[in-house]
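Engineer: 3D, please:
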Amino acid sequence: MPVNDPVGDMLTRLRNASRARHDKVVIPHSKLKLEIIKVLKDEGYIGEFAVATPEGSPQSEITVQLKYGPDRSPAITGIRRVSKPGLRRYCGVSDIPQVLGGMGISILSTSRGILVDSEARKQKAGGELLCTVY
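Structural biologist: Next comes the predicted model:
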């Protein structure tokens, strides 16, 4: 079944798997999703990930290991799509929002690639505000 918002679908899969305390989640592969996953790993919200093509399937998949605290509390407390297909949200460098007073991150799609809010401010690059994670 076709998905209208692949990034939103990925974020929902991560959110649902995290809340259900699953160890891993499988996501259909795309370049944009892979870049977002890399950012989440660099920021410490997820563990390892691997890209593989299942036998007999034309679509490759990203398998993501989810991270939990010592008491099994999820590393991802909240993850929210901001810019949606029906209403894109762009922001300049001065308009990039802080998430929970700097305790969370915003992920942006800029001309310099997929960046975290702090890195986008450092590089003075605005762009499409994809999602927030905390």
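Engineer: could you list every residue that touches the residue nearest the centre of the chain?
Structural biologist: For the chain, the residue sitting closest to the mean C-alpha position, by CA atoms, centre = their mean, is Ile36 at 4.5 Å. Contacts for Ile36 (CB atoms under 8 Å, 6 or more residues apart in numbering) come out as 7, 10, 107, 114, 130-131. (Each C-beta comes from the backbone N, C-alpha and C, glycine too.)
Engineer: Please convert those to TSV, extending it with secondary structure and neighbour count.
Structural biologist: Formatted as TSV, the contacts of Ile36 follow (DSSP: H, G, I helix; E, B strand; the rest coil; neighbours: other CB atoms under 10 Å):
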residue	secondary structure	neighbour count
Val7	helix	20
Met10	helix	25
Ile107	strand	26
Ile114	strand	22
Leu130	strand	22
Cys131	strand	21
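Engineer: before we move on, the earlier item: just confirm the residue nearest to the centre of the chain is within a helix.
Structural biologist: Yes: counting by DSSP: H, G, I helix; E, B strand; the rest coil, Ile36 is part of a helix.
Engineer: any idea where the strands of this structure begin and end?
Structural biologist: For the chain, applying DSSP state E gives strands covering 24-28, 46-52, 61-66, 79-81, 90-91, 105-110, 113-116, 127-133.
Engineer: Now tabulate the ones you listed in CSV and tack on distance to Ser73.
Structural biologist: Below are the strands of the chain laid out as CSV (distance: least, CB to CB, whole Å):
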stretch, distance to Ser73
strand 24-28, 17
strand 46-52, 15
strand 61-66, 12
strand 79-81, 15
strand 90-91, 31
strand 105-110, 18
strand 113-116, 22
strand 127-133, 15
